[in-house]
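>>> Fold the following, please.
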Amino acid sequence: MPCVARVTIRCRGHPFVTALHPTTLEITKDAELTPKGDCIIGIAADMAARDLPPEVRDLLCRDEAFVTAGFCCEGQVVTVRGRGSSRMTLSHPTDMVFRRSGFVCDRTVAICADGAARTFPRDFVAKVAAGNQILVRFEVSVP
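Modelled structure (predicted):
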């Protein structure tokens, strides 16, 4: 029987959200954003990598883990899928990063992701850039 753990993360958009980065996607606890943050989808998040619940952290740090994150804003949902890794430390105090690559650092919460900031539909990005709330339904499963 597979093990599954879930958490919902709340954040919001910002007028500087451009979502143009081709390989990463980030949410941050920071309350402000500069135009240089082209991978950031949400700011003012209520948790970062180090704040994830223990049951999520335990599963996420397994090489066989699958990650699914549903980004929900104004009735629209964008889903990004990736993998966990035993190399994850999940220790960053402000950020969570989804990566298309296999690179892992203290901010990484998913590798080998099937999406990045640039892959988000432009109508979704417009809703986020208007400052709307985003719910991220984050699920980790291990077969």
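
>>> Show me where this protein dips below the pLDDT cut-off.
Under the criterion pLDDT under 70, the flagged ranges of the chain are 1.

>>> at 90 what do you get?
Low-confidence segments of the chain, defined by pLDDT under 90: 1-2.

>>> where exactly do the strands run in it?
Ranges of strands in the chain, per DSSP state E, are 3-12, 24-28, 40-42, 66-73, 76-83, 95-99, 108-110, 133-142.

>>> Now mean neighbour count too, for these, in TSV please.
(Glycine included, C-beta is placed from N, CA and C.) TSV is the format used below for these (neighbours: other Cβ atoms under 10 Å):
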stretch	mean neighbour count
strand 3-12	16
strand 24-28	25
strand 40-42	28
strand 66-73	20
strand 76-83	17
strand 95-99	24
strand 108-110	29
strand 133-142	19
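
>>> out of these, which comes closest to residue 34?
With Cβ to Cβ, the closest approach to residue 34 among the strands of the chain belongs to strand 40-42: 9.4 Å.

>>> Who are the packing partners of the closest one?
Applying 3 or more Cβ pairs under 8 Å, 6 or more residues apart in numbering; DSSP states H and E, one finds that strand 40-42 contacts strand 3-12, strand 24-28, strand 133-142.

>>> hang on, the earlier thing: the strands of the chain: which one's closest to residue 52?
Of all those, the one in closest proximity to residue 52, counting by Cβ to Cβ, is strand 3-12 (6.3 Å).
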